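Engineer: Mind looking at a prediction? Sequence and model below.
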Amino acid sequence: MNQHLTHQELTDHLLGTRSATVEAHLASCSACSQELYQFRESLGTFRIAVHNWSEAERPVQRQVFPVPRSFDWLLVGAMALVLLTFSLVFWGDRSDNTAQHPPTPTPQQVTVDKNSLAQIQQDNELLSNINQELSEGLPAPMQPLQVADSGTTGKSSNQ
Amino acid sequence: MTTPIPAGLTALADGEHISELDDVAGLMRLYRAKIFRFVAFSVRDFDAAETITQDCFLKAHNTRHQFRGDCSVSTWLMRIAFNLVRDHTKTLKFRFWTNIRTTAVNVDELGHYLPSNASSPEAQYLARERVELIQSTLDKLSEKQRSVFLMKFVEDLDLREIAEIMGMPLQTVKTHLYRAVATIRDKFGATL
């Protein structure tokens, strides 16, 4: 008799399934009988209130405003979190790769580079040829200046 | 020898039967409040409840020739209402925005409809608190648990009738009811 009624026994009693054992327990246990009484009374009050409400003319409505459903909030939040995580992971991974491994040139880039090296070499050769020709046109150091016009030179020397 | 008259049919003096379902106004007068409160507390949206209730009677009228009379008109209407509520809830699941328009019944508002036979203000306050508790816990129940709870404890339907309305085995109905009662008892235990 010390053990109280189980939930199933109590609910069965509430639903109208009578049992001698449960009846006997209720007769001796004030806690269980009190709980059952309170619960039954509350359900009865609720029933009457709902009946009165539905039979009234038209119950008053509250303000109408659209809001997202709580489930949708969770969904949106979860999606945003997933997107944020992905973007962070992707960004972090990319920056690491850039730091550790310099970008490998593509075959096209390699061809371009080769071409540009050959071009530079050609240009250098051309420039050196030009320099050589120019330097040949100039008098070498310590070499006496060749006078193009002797008459002019003589006059100036006479003066 | 008299032939048994199916539920929902009324015997006339000349032996002809006239269906109760033909008289929509009479049908609504008799069952509107019942259907409306079940729908309102199931979908928790006042306007949707009104629409569903109208749809229920319209559907009943349009399909009245399908009524075989193997159950009462009340049970048949409840079955139509239950199916409409289920369809409404399914549609709602795919909707991103929803109108929070009172959840059908304001808890404070329901408190105004309490029976006034309580002996003292304290008793009134306690009764109101318990009604509010049941009302708020109903929102936390699953759709089926809520429907079973409403049919049993608000409409006072028999478990077999509930099973017939919901198209479920009796044991499944009992299981839903046990869970609903357990949730409400837990709330009572935590509060009282």
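Structural biologist: Sure thing, it's come through. Numbers count the residues shown, from 1 in each chain, chains lettered A, B, ... in the order given.

Engineer: Centroid-nearest residue for chain B?
Structural biologist: residue B:38 (2.5 Å; Cα atoms, centre = their mean).

Engineer: does chain A sit close to the helix or strand that contains that one?
Structural biologist: Taking DSSP states H and E as the criterion, residue B:38 maps to helix B:24-43. Yes: interface with chain A: helix B:24-43 contributes B:33-34, B:36-37, B:40-41 (Cβ under 8 Å from any Cβ of the partner chain). Quick note: C-beta positions are derived from backbone N, CA and C, even for glycine.

Engineer: pLDDT and neighbour count for those residues - can I get that in JSON lines?
Structural biologist: Converted to JSON lines, those look like this (pLDDT from 0 to 100; neighbours: other Cβ atoms under 10 Å in any protein chain shown):
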{"residue": "B:33", "pLDDT": "90", "neighbour count": "17"}
{"residue": "B:34", "pLDDT": "91", "neighbour count": "19"}
{"residue": "B:36", "pLDDT": "92", "neighbour count": "24"}
{"residue": "B:37", "pLDDT": "90", "neighbour count": "23"}
{"residue": "B:40", "pLDDT": "89", "neighbour count": "26"}
{"residue": "B:41", "pLDDT": "89", "neighbour count": "25"}
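
Engineer: can I get those in JSON lines with distance to residue B:75?
Structural biologist: Formatted as JSON lines, the residues of helix B:24-43 next to chain A follow (distance: Cβ to Cβ, whole Å):
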{"residue": "B:33", "distance to residue B:75": "16"}
{"residue": "B:34", "distance to residue B:75": "11"}
{"residue": "B:36", "distance to residue B:75": "17"}
{"residue": "B:37", "distance to residue B:75": "16"}
{"residue": "B:40", "distance to residue B:75": "19"}
{"residue": "B:41", "distance to residue B:75": "18"}
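
Engineer: returning to what we had before: packing partners of the helix holding residue B:38?
Structural biologist: On a contact count with 3 or more Cβ pairs under 8 Å, 6 or more residues apart in numbering or on different chains; DSSP states H and E, helix B:24-43 meets helix A:30-55, helix B:46-62, helix B:73-93, helix B:143-149.

Engineer: let's go with 7 Å and repeat that
Structural biologist: Judged by 3 or more Cβ pairs under 7 Å, 6 or more residues apart in numbering or on different chains; DSSP states H and E, helix B:24-43 is in contact with helix A:30-55, helix B:46-62, helix B:73-93.

Engineer: The longest one packs against which elements?
Structural biologist: What it means is helix A:30-55. Using 3+ Cβ pairs under 7 Å, 6+ apart: helix A:30-55 touches helix A:7-14, helix A:20-28, helix B:24-43, helix B:121-138.

Engineer: Can you tell me which of these is packed in deepest?
Structural biologist: Of all the helices and strands packed on helix A:30-55, helix B:24-43 has the most neighbours on average by mean count of other Cβ atoms under 10 Å in any protein chain shown, namely a mean of 20.

Engineer: what angle sits between it and helix B:73-93?
Structural biologist: On the basis of axes from the mean of the first three to the mean of the last three Cα atoms, to 10 degrees, helix B:24-43 is oriented at 40 degrees to helix B:73-93.

Engineer: Dump helix B:24-43 to PDB, restricted to CA.
Structural biologist: The C-alpha trace of helix B:24-43 is given here as PDB (Å, rounded to 0.1, in the frame of the first residue of the first chain):
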ATOM      1  CA  VAL B  24     -27.700  22.700 -43.300                       C
ATOM      2  CA  ALA B  25     -29.100  25.400 -41.100                       C
ATOM      3  CA  GLY B  26     -30.300  22.900 -38.500                       C
ATOM      4  CA  LEU B  27     -27.100  21.000 -38.700                       C
ATOM      5  CA  MET B  28     -25.100  24.000 -38.000                       C
ATOM      6  CA  ARG B  29     -27.300  25.100 -35.200                       C
ATOM      7  CA  LEU B  30     -26.800  21.700 -33.600                       C
ATOM      8  CA  TYR B  31     -23.100  21.000 -34.200                       C
ATOM      9  CA  ARG B  32     -21.400  24.300 -35.100                       C
ATOM     10  CA  ALA B  33     -20.200  25.000 -31.600                       C
ATOM     11  CA  LYS B  34     -18.800  21.500 -31.200                       C
ATOM     12  CA  ILE B  35     -17.000  21.500 -34.500                       C
ATOM     13  CA  PHE B  36     -15.700  25.000 -34.100                       C
ATOM     14  CA  ARG B  37     -14.200  24.500 -30.600                       C
ATOM     15  CA  PHE B  38     -12.500  21.300 -31.700                       C
ATOM     16  CA  VAL B  39     -11.100  23.000 -34.800                       C
ATOM     17  CA  ALA B  40     -10.100  26.200 -33.000                       C
ATOM     18  CA  PHE B  41      -8.200  24.400 -30.200                       C
ATOM     19  CA  SER B  42      -6.600  22.100 -32.800                       C
ATOM     20  CA  VAL B  43      -5.300  24.700 -35.300                       C
END
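
Engineer: what does it contact?
Structural biologist: Identification of contacts with helix B:24-43 by Cβ atoms under 7 Å, 6 or more residues apart in numbering or on different chains yields A:50, A:54-55, B:20-21, B:46, B:49, B:52-53, B:56-57, B:61, B:74, B:77-78, B:81, B:85, B:88-89, B:104-105, B:138, B:146-147, B:150, B:154-155.

Engineer: okay, the angle between it and helix B:121-138?
Structural biologist: Going by the same axes, to 10 degrees, helix B:24-43 makes 80 degrees with helix B:121-138.

Engineer: How far off centre is helix B:24-43?
Structural biologist: 8 Å (Cα atoms, centre = their mean, to the nearest Å).
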